[in-house]
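Enquirer: I would like to see how this sequence folds:
(one chain, ligands or ions: 1)
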Amino acid sequence: MAKKTKTQKSSSKAGIFFRLKSFFTGDKFKYTLGLFLFVFGLYLLVAFVSFLIYGHADHSKLDISWRELIRNADIKVQNKAGKTGAFLGEMFINRGFGISSFFFVYLLIIAAFDLWGRSLVKFSRAMLFSVVLIFWISIFSGLLFSGFNVNGFLNPGGENGLFLANWLSSMVGNIGTFFVLVCSLFLIILFGVENFIPWLKQFFGRINKPKAVIAGTNEVVDDTPGQVEPDDSISKVINENDLIETIFDPDSDDLEIEERLDVSGARSHVESQLSNASANVDEGELEMTVEKIEEETDEDFDPGESQEAYDPTLDLSTYKFPSIDLLDDHPSGNAEVSNEELISNKNKIVETLRHYKIEITKIRATIGPTITLYEIVPAPGIRIAKIKNLEDDIALSLAALGIRIIAPIPGRGTIGIEVPNQQPEVVSMRSIISSKKFQESTADLPVVLGKTISNETFLIDLTKMPHILVAGATGQGKSVGLNAIITSLLYKKHPSQLKLVMIDPKKVELSLYSTIERHFLAKLPDDEEPIITDIQKVKYTLNSLNLEMDMRYDLLKKAHVRNIKEYNGKFTARRLNPEKGHRYLPYIVVIIDEFADLIMTAGKEIELPIARIAQLARAVGIHMIIATQRPSINIITGVIKANFPTRIAFKVASMIDSRTILDTPGANQLIGKGDMLIAMGSSMTRLQCAFVDTPEVDRICEHIAGQQGYPTAFMLPEYVGESEGGALDTDLNNRDELFDDAARVVVMNQMGSTSMIQRKFSIGYNRAGRIMDQLEAAGIVGPSEGSKARQVLLQDEYSLEQLLNSL
Ligand SMILES: Nc1ncnc2c1ncn2[C@@H]1O[C@H](COP(=O)(O)OP(=O)(O)OP(=O)(O)O)[C@@H](O)[C@H]1O
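Expert: From the prediction side, this is the model:
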C-alpha cells in the first residue's frame, strides 16, 4: 500500500515537472516572451534615440536621487520614454557601452522574431557578433572622444568603453590601441562577412593581374574590357565571337569580305589569333580574299589548375583532371567553303527568288562549320511568308538537303537561309574543351555542346537548364552528343563534386563509363553493375533518387538555405555541423540513353518519378538528361515535355517528330552527323555538335580509373519496391526497439521525417520507414504527405510519455 502511495507521489511529481516543462517549451510561452522582448526592444529604441536628442536637457534631472524621481510626479523629463527611458539611456549609453548600446535593441528584436519562429538571422551568431561589436565600437569611441563629452553630456563610448580604451592605451600606447582596433576589425569582418575571402582574393587578383602582351609585339594591353580602341594592331586579331561576313551585292558577282570586330570583346583579342591564310582568287572580275578563322585555343590548358581547392576535394586530393591530350584533333581543318560555292549558292538563291518576283536589297553570308547562313534583306513590300514558302524551291535549285529558312531571324531584321556546306567541318571535342569560353567558365556544371553557325563555342550551364531532353533518329549523333556532355563535365568537375547516374537499357551505349564507378558513378547499395540496364532496377533507382531529393530538401531546410549552392557554400565554410547529418552534396546528373524503351515497358512507373525529379530536383542539384530515338507523343508525353524546358534535336525522320520535340518543324531538315538544334525557352540555336569518339572516351575513363578513387560508388538511398515493402510491420506489439526513442525525437522536434530518424539513429531507410509506419499506427504522426514531413499529432512530451506507458 505504502509502496503504491510512493509510486503515485513520484508519478504526480513527474506529471508536474512535465507540465511545467511543456509550458516553458510550449508555443504560448514563446509567443508571450517574444512579444515582451519585441515591445521592450522598441521602448529601448525610443529611449535611446530620445536620450541622444534630449539627453542634454534631461541631464541635470538624472542627478536627483532615484527615489525622489520616482515619487515626485512633478519632475518631468523630455525623453519620450519618460523618466525610465532617460534612466535607461543614461545607464546603457553613458555609463555602459555608449552608442553601441543600440545593438541591444537589435538583439531584442531578433530574439523576439526567433521565438515567433521567423528567424531573421541565426540568433547565436548575431549574439556573438553583436557582443564583439558592442565592445569594439565602445572602445573605439572611447579612444576617439576620450576626455570630452559630446554636447556636454554624451559619452559616445560609455564608461566601459572609456575605461577599456584608457587601459589599452596605458598598456600599448595610443598607436598600439589603434593597431589592436584595426586588427580586431579585420577579424570581425573576416569571420562575420560571408564571401569576404573570395572578395579579397578577387581584389588582390585585380591589382596583381599582369598586363597582357600581344604575341610577336612588345605592345602591352590592359586586360580590361572595353578599353581597347580598334586600332591597326588589333584589327589583325579577332576573338572567338568575331566572324567573317561575306557581303554580296545581289546584282553583281563581286564579293566583299568584311571583318566584323567586336570592340567590346577586345580584351581577348590579345590572346587570340586569326591565321591570315589569305588567298587571292581571280575569277574574271571577281577578286576575293578568303580568310580562315582559327578559334583561340590553349593546348597547355590543364583543367586541374583552374579548380579552386576546397574541402570536399581533399578526399581525393591527388586527383588529376584529364588532360587535353587525351582528346583527338579530328583533322578536317576549318570550314572549307570555296568562293565558287559561295557565289554559286548566292546566285541560285537570288535567281530563285527573282523567279518568284522577290527582289532583295542585300545578301550576306556567314560561314559556319557545317552550314553557311545566307542572310537576305528583301526589298520593301515583300511578304515574309512568301519567302518562307519557297523553302522547297530553293532546296531544289541548290540541289541540297537540309535547307532551312528562318524568317525573320530574331533581332536582326533579316531572313536567313541555311545552306549545308559541301565539305562540312568536324568540330573536335578537343577544340572546344580548349576554348577560352570553356576554360574560363565559372558555371557550376559547364557543358560545351559544339559550335554555332558563327563558329562560337556554345556553352551552357546544366544547373540553369535544368534538365535536357535529347531526340534524334538513329545514327544522327545522339550518343556522340551525350558523350560530349559527359566529357565536358568530367573535364571540369572533381569526383567529389559530381555523381552520374547512368541508365542504359540498350546496354551498350554507356557501358564504357563503368570503369569510373568509384569516382563519378552513383548507384543503389545492392546493385552490382554501376550502369543500370534492368528495368526493375531503373524503377528502384528513380524512386531512390526521389528519396535522395527529399533528404536533400530536409537538409536545405535545416540549413535555412534555398539551394544546393548556398548549402554547399555554408558547408564548406564550416557553418553546418556534419554531426547533425549535414554533408557536402555533390551534383547528381542522371543520364538515360534510350528513354523510349523504358516508357514502353514500364509506363507510368517510370514517367512519374522522372516527372517528379524534373519538377523539383533543380534546387537540390539533381539534373536529368534523357535521350530517345523515338520522339513520338506516347514517349515524350505532355508531363515529360512540360518539365524539360531544354530540348536538343538531332535529325529526325519527320516534321511531326520535330514538332513533338521542339514544338516547331526544323529538326527534320537537319543534315545529320551532329547537326542539331537546341531550344531553350523561346530561343532556338543551330549547332554542330562536338565530336568525341569512343577511343577518346575510353582514354579519359582510363585516366580517371587509374587514380585513387572512393572505396565504392556513391550510394543512393535504399529503396524498397512496393511488392517488398507492402507488408510493412505496423503491429504495435512487435515494435522496433528504437520506437520509443524515435517517438521522443519526433515529438521534441515536431517533425515527422523518416530521414531525420534515419540520421539520428544511423539506420537504413527501410528501418526508419518501418518505425515511421509504427508511429503512424500508434497515432503519434499523421499519414504520409509525399515529400513533406508528416504532421506530428502529439504536442508535448508529457502526452507522449502517457501514450508510451499505455502501449
Ligand atoms: N558531332 C559529330 N560530328 C561528326 N560526326 C558525327 C557527329 N556525331 C555523330 N557523327 C557520326 O555519326 C555516327 C553515329 O553517331 P551516334 O552513334 O551518336 O548516333 P546515334 O544517334 O546515337 O545512333 P543510335 O541511336 O543508333 O545509337 C558516328 O559514328 C559518327 O560517324
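
Enquirer: Am I right that residue 601 is in contact with residue 535?
Expert: Yes: using CB atoms under 8 Å, residue 601 makes contact with residue 535 at a distance of 5.2 Å. For every residue, glycine as well, the C-beta is placed using N, CA and C.

Enquirer: Can you give the distance of stretch 568-582 from its chain's centre?
Expert: Mean-position distance between stretch 568-582 and its chain equals 18 Å (CA atoms, centre = their mean, to the nearest Å).

Enquirer: for stretch 329-349, same thing?
Expert: 41 Å.

Enquirer: Now do the end-to-end distance for that stretch.
Expert: 35 Å (CA to CA, to the nearest Å).

Enquirer: do that stretch and the ligand meet?
Expert: No: against the ligand, stretch 329-349 shows no contacts by CB under 6 Å from any ligand atom, the least distance being 7.7 Å.

Enquirer: Could you list the buried residues of that stretch?
Expert: 330, 334-335, 337, 339, 341-343, 345-346, 348-349 (16 or more other CB atoms under 10 Å).

Enquirer: which one among those residues gets closest to the ligand?
Expert: Using CB to the nearest ligand atom, the shortest approach to the ligand within these belongs to residue 330, at 7.7 Å.

Enquirer: Contacts only, for the closest residue to the ligand within the chain.
Expert: Residue of the chain nearest the ligand, by CB to the nearest ligand atom: residue 674 (2.2 Å). Taking CB atoms under 8 Å, 6 or more residues apart in numbering, we find residue 674 in contact with 370, 427, 450, 476-477, 480-481, 650, 688-691.

Enquirer: near the ligand, from the residues you listed?
Expert: 476-477, 480, 689, 691.

Enquirer: Just among those, which is most surrounded?
Expert: Per-residue neighbour counts (other CB atoms under 10 Å) across those peak at residue 689, which has 30 neighbours.

Enquirer: for it, which residues make a bridge with it?
Expert: Beta-bridge pairing for residue 689 (DSSP bridges): residue 450.

Enquirer: Residue 486 contacts residue 500, doesn't it?
Expert: Yes: if you go by CB under 8 Å, residue 486 and residue 500 touch, sitting 7.0 Å apart.

Enquirer: more neighbours, those two?
Expert: residue 500 (28 against 24).

Enquirer: can the buried residues of stretch 329-349 go into CSV with extra columns for pLDDT, distance to residue 620 and secondary structure?
Expert: Shown next, in CSV, are the buried residues of stretch 329-349 (pLDDT from 0 to 100; distance: CB to CB, whole Å; DSSP: H, G, I helix; E, B strand; the rest coil):
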residue, pLDDT, distance to residue 620, secondary structure
330, 81, 38, coil
334, 52, 43, coil
335, 51, 42, coil
337, 78, 47, coil
339, 84, 54, helix
341, 87, 51, helix
342, 88, 51, helix
343, 88, 55, helix
345, 88, 50, helix
346, 87, 52, helix
348, 86, 54, helix
349, 86, 51, helix
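
Enquirer: related to what we said a few turns ago, for residue 601 and residue 535, indicate the residue with more neighbours.
Expert: residue 535 (17 against 14).

Enquirer: Dihedrals phi and psi, that one?
Expert: phi -60, psi -40 (degrees, to the nearest 10).

Enquirer: isn't it right next to residue 507, touching?
Expert: No: with contact defined as CB under 8 Å, residue 535 does not count as touching residue 507 (11.7 Å).
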